[in-house]
Structures are given as structure tokens and as C-alpha cells.
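S.K.: the sequence isn't on hand, but the structure is:
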């Protein structure tokens, strides 16, 4: 039906005999009565027949429409045969084209139903039921996004790559659902973080707020939803699997589906569609929405003024600061007492266990990233919520027993009783991951659900996705086995220092909030190995570091380094932590190096009050421009010996 106009025969109705002209353009002599009226009658019958023929050809045949609906995720399809697993591969590529792709819902107006206006006036219960139907029994929608030229230009003015803390504007747009509703005046903005952000002319991810400009409008009962480009998950399955498992473990998680997306006629392909952290989400999982909901920014822990998404006073963060103070309370007994008052400990233990078991290395527990925290006004306690789970199940042997360094996670896991309950929780949740047959069955159901959509995008897209799903199946099986082996391992202890009281620091990882920053391991002058951070942009601000995590026992320590700087311009002379320097995560530093210097030593003293704590070492550059090098051989810890 997509090419209906090209297939229709051209039927020209003959002119009435009285209006026909001869080849010279002069009128013919009118036929005598009754011959003239007989001719007119014949002409009328032929014209009517032509009109009926065209009308028949223009009518939609329901049997021509693809069957996308499904009653459930159950399928009787034969599982895809095993194929080689692709590693480090990109998401399925669409056929190259500058215009709409085959299967695009861009059809002639007379070859498809006119979309109905967007949903309006649903009650809270009706909206809840509509969203339930969409996520459990709905089709995979085809969504055409239309953005005016002026609004596209607004989106183009943003950064071409991810910039931490950048404010992204909403613009008005239209979303047309094939066979469904037309949603006018929705609010749309670009989304994504360091690995997933793409500019508008690439394959962007979107946040769509259906009722920001039109408060009475909903999309299948949703006021807001996200379209993720899944560039870090070519299987399009990680978010869905994680969401399902988290809810089974009684951890609130957003719901996940899929959609095929077009932008101004350009086929963007398959997307992961997610519900939002909003008031309906809170009411669904907590029974109400009274309290404050904070969004954890890019690699930001609770010691940062996190963005408040929901709450009475946007500028009041007293609850967040109170929780931070409890986590850092020097009196250990008082710290644990305060945490029991302010944090839902049982929920948090399960939250940490699930993040670790899923291999969510980029979540709160391991990376203080990709999370929300809700302070429940009724219970007075905080609950952490997982987010951004598109890179799970990467390492089947990823540890679930190493001590985390994030502020709240470290504070809880330093309590021996709570850590014992965490280990119990790991054993209880093992059944979600092993035996893996039930999990693999779910993957096959999702695979079968996506396959008809992918088939429209081309055979190579289908083959690529088959390989990605097979690789996911293998990783799920291996992860279940790896988790089982770790159940009997002892808790890790503090690192050992050598006889001279030194501990060399060797396991460093780069972390950057600035896309233009360049982090490298280089040789410079007579230093065979140095960790370099360079920032040349004349605008913006660099906030980049190399980091190393070390479990340490109770005691006083000094971090040592040797560094060299070149043309460093501090971001703000009035701030601490400007320029280049060293510290531990969660602490401020006084050591500041700016301008250009030769190799100089620098130290940072700190203390561990707990019996065991994972400390995150930070060597960093916070500046408008410049470069710093840290001599790898000079990076070590010394421990103050007992008198």
C-alpha cells in the first residue's frame, strides 16, 4: 500500500459528446435527437464505471497490513540456530538512503487512516490501565516524529557530543503513531550520556514529554517516555531483561518496550522505549508521590547538589545533605544508627545485590552513576532506584563481593551485620539467574517479538540481531554459573603493604565528564610511563581524572605522586580542587598546580575509620585548558605505623 499512487491505473472519463472537438478545434455538429441523448446516456454510464473502479482501487485492504499485534510474549517459533558471537559490534545498520526506507509509514493520505487526535482526558486509573495494556499486550508501535526546521536548528545548536551538565532544550514536535493517534505539540529533547548521546542529525535518543505543553494529553496513558537508541546494546534486550528481574526482586524499575522510529521521514530504526521516573511511577511503586526525587548526574555521588526532578521546593536539598552527613558521621555507632533512620536498608541491600549480579558496572554501587534516589515523605527514608542498564552482563565473572566505593554503598557495606545480610541476599536472588532456562526462554520470546519488525529493515539487520541475541544467551548462561561460584568465596580483606610500608597503585582507569579531554598513557622525557590529561578547548571546562580503587583497613595514610604541568588555566580561582592535583573520592584537596611546572612531588593525607573500606584514589585535571602528567612509578600509598 506504500506505493499505491504508482500502481493505480489512470482512467480518463470521456467528454460528453456535446463538448467534444474535432481535430481542428472547431465544435462538431450536434447529433440529431434521439441519437444525441443516446450518446449522452452511454457517456454517463462509462463515467460512472470509471469512478467506481478508481474508488475500489483506493480502498485499503485489511489483509495487506502487517500483523504486529501479539497477545503475549509467548511464541511457538523455532529458536534461532546458534551462530558465531560478534564482539564489540555496533548496532544493526540500516540500509543507506537519504529518504524514507522501505516499510516507512509515510503513505499517501488516501492509503491510510487519518490518525486520531492524541489521548485526552484520561483519569489516573484509565491512564494506568492504558499503560499496562501497552507494556504487556501492545504492539511495537511505528512512530513518526515531525520537527519544524526552526526547532531542528535549535537542537543543532547543542553540543555534538556529550557534555556533563549541559542544559538541553525542549522543542515542540508532532508524533504520529501508525494506525493510532497523532500527538501534536509534544515537548521533545535530546537525551543520552557519555556513550549513548548522538546529535540530532545522527541517530539521536529522545525524551518525549507528551503533556508538558498540553497537560491533558497522554501516550498510551504515559505523560512522558524515552526513546533510547541502544547504541551500546545491539541486542535491544538489556534494559528489558534488567527491568523484569529488578521488579521480581521488588526493586522499583521503569517499564520497557520497543518502537520503530522515523524523524522527518528519515528511518532511524528500532529503539528501546522506556517509561519515565515521574509521579505515576512513584504512585505505582510507593503508593503515593509525596517526597523528593533526585537524579544522579554523570558520575555524581550524593555529595553533589543533584538535580531535583520532583518535590515541593526545587532549591531545598536538606534531606540529601542529611543522608550525606549520616554516611560521613565519624562516630561509627552513631553513623549506623542514623543510616537506619534515613535509608531503607533492606531495599538498599537488594538494590546493591541486583546491580552487582546484573553486572551493572556503570550504576550507583560501583560508579555512583545512572541512578535516582527518592526520599519518601511518609516513611522518612530514602530508596535508590536503578537506571541506564544498557551495558549489563558484559563480564560473566564480574565480582559481587568486592567492597564498593560510592558514599552510601560504602557506608552500608562497612557494617558487618548488613554485609552479612547482603551475602544472604545474593544467595536468595541466585534463583533469578540460575538455572538459566527461564531467563533464556524470556530472551527467545523477546527475540521472536522483535523479529517481524527487524525483517522490515532488511535481511542483514536480522542476521546481525540473531548473532547479538545468541551472544547474550551465552553470557546469561555464563553469568549464572559465575554467580554460583562466588557464593562460597570469602569477603575480600584490605590490601597488603610491603615491608617498607608502601603500596604501589597500578590499576588505573580513565574517567571524564568532558568529551574534548584527551586521557592517555604516554612516555615523556625520562619517564617511561605517565598518565596524561590534556584539554585544549578555549571554551568549556575540563573535569577529567584517572582513578584507582583500593580496599584499606583502619589507619592513617598518605597518597604520593609526582606530576608535571603545562599551561594550566584554572576553571575558577575561588574554588577548591581547581587545576591539577590528587585526592580521594569524597574529599576536598588543597594541593593545586596551575600554569607550567617541572616534575614536582605532591602528597595527600587521609584516614580510614572503618575496619575495612574501599577508597577511590583520584588524580585529576579541573581546568579551562592545559595538560598534566602523573609519573606512574611515583603513585603509591604509605601507611602511618603504630607508635
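M.R.: In hand now; what should we look at? Here the structure is a predicted model, which is why all the values come from computation and not from measurement.

S.K.: so where do the helices sit in this protein?
M.R.: Counting by DSSP state H, the chain has these helices, from start to end: 4-7, 35-58, 124-137, 149-156, 238-248, 279-286, 318-327, 332-342, 345-357, 364-367, 407-413, 416-429, 437-455, 459-486.

S.K.: and the fifth one, how far from the chain's centre?
M.R.: Here the centre of mass of C-alpha atoms in helix 238-248, compared against the chain's by CA atoms, centre = their mean, to the nearest Å, lies 14 Å away.

S.K.: name the helices or strands packed onto it?
M.R.: With contacts defined as 3 or more CB pairs under 8 Å, 6 or more residues apart in numbering; DSSP states H and E, the packing partners of helix 238-248 are strand 256-263, strand 266-275, helix 437-455. Yep, even glycine has a C-beta here, placed from its N, CA and C like the rest.

S.K.: could you tell me the least trusted of those?
M.R.: Lowest mean pLDDT within the helices and strands packed on helix 238-248: helix 437-455, at a mean of 94.

S.K.: buried set for it?
M.R.: With burial defined by 16 or more other CB atoms under 10 Å, the residues of helix 437-455 counted as buried are 439-440, 442-451, 453-454.

S.K.: neighbours of residue 467, how many?
M.R.: 20 (other CB atoms under 10 Å).

S.K.: tell me the spacing between it and residue 238.
M.R.: 16 Å (CB to CB, to the nearest Å).

S.K.: report the contact partners of the closest residue to residue 214 other than its chain neighbours.
M.R.: Taking CB to CB, 6 or more residues apart in numbering as the measure, residue 214 lies nearest to residue 185, with 5.2 Å between them; neighbours along the chain are not counted. Under the criterion of CB atoms under 8 Å, 6 or more residues apart in numbering, the contact list for residue 185 reads 172, 174, 213-214, 217.

S.K.: so which of these sit within strands?
M.R.: 172, 174, 217 (DSSP state E).

S.K.: please identify which of the residues you listed is nearest to residue 638.
M.R.: Relative to residue 638, the closest of the ones in strands among the contacts of residue 185 is residue 172; by CB to CB it sits at 59.6 Å.

S.K.: quick one: the helices of the chain as a markdown table, columns for distance to residue 395 too.
M.R.: A markdown table is the format used below for the helices of the chain (distance: least, CB to CB, whole Å):
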| stretch | distance to residue 395 |
| --- | --- |
| helix 4-7 | 51 |
| helix 35-58 | 57 |
| helix 124-137 | 30 |
| helix 149-156 | 36 |
| helix 238-248 | 14 |
| helix 279-286 | 30 |
| helix 318-327 | 28 |
| helix 332-342 | 30 |
| helix 345-357 | 11 |
| helix 364-367 | 12 |
| helix 407-413 | 19 |
| helix 416-429 | 17 |
| helix 437-455 | 17 |
| helix 459-486 | 8 |
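
S.K.: closest one to residue 385 among the ones you listed?
M.R.: Residue 385 lies closest, by CB to CB, to one member of the helices of the chain: helix 345-357, at 7.8 Å.

S.K.: ok so, going back, and the buried residues of helix 437-455, which two are the farthest apart?
M.R.: For these, the maximum inter-member distance is 22.5 Å, found between 439 and 453 (CB to CB).

S.K.: quick one: average pLDDT of stretch 480-496?
M.R.: If you average the pLDDT values across stretch 480-496, you get 94.

S.K.: buried set for it?
M.R.: Residues 480, 482-483, 486, 494 are the ones in stretch 480-496 that count as buried (16+ other CB under 10 Å).
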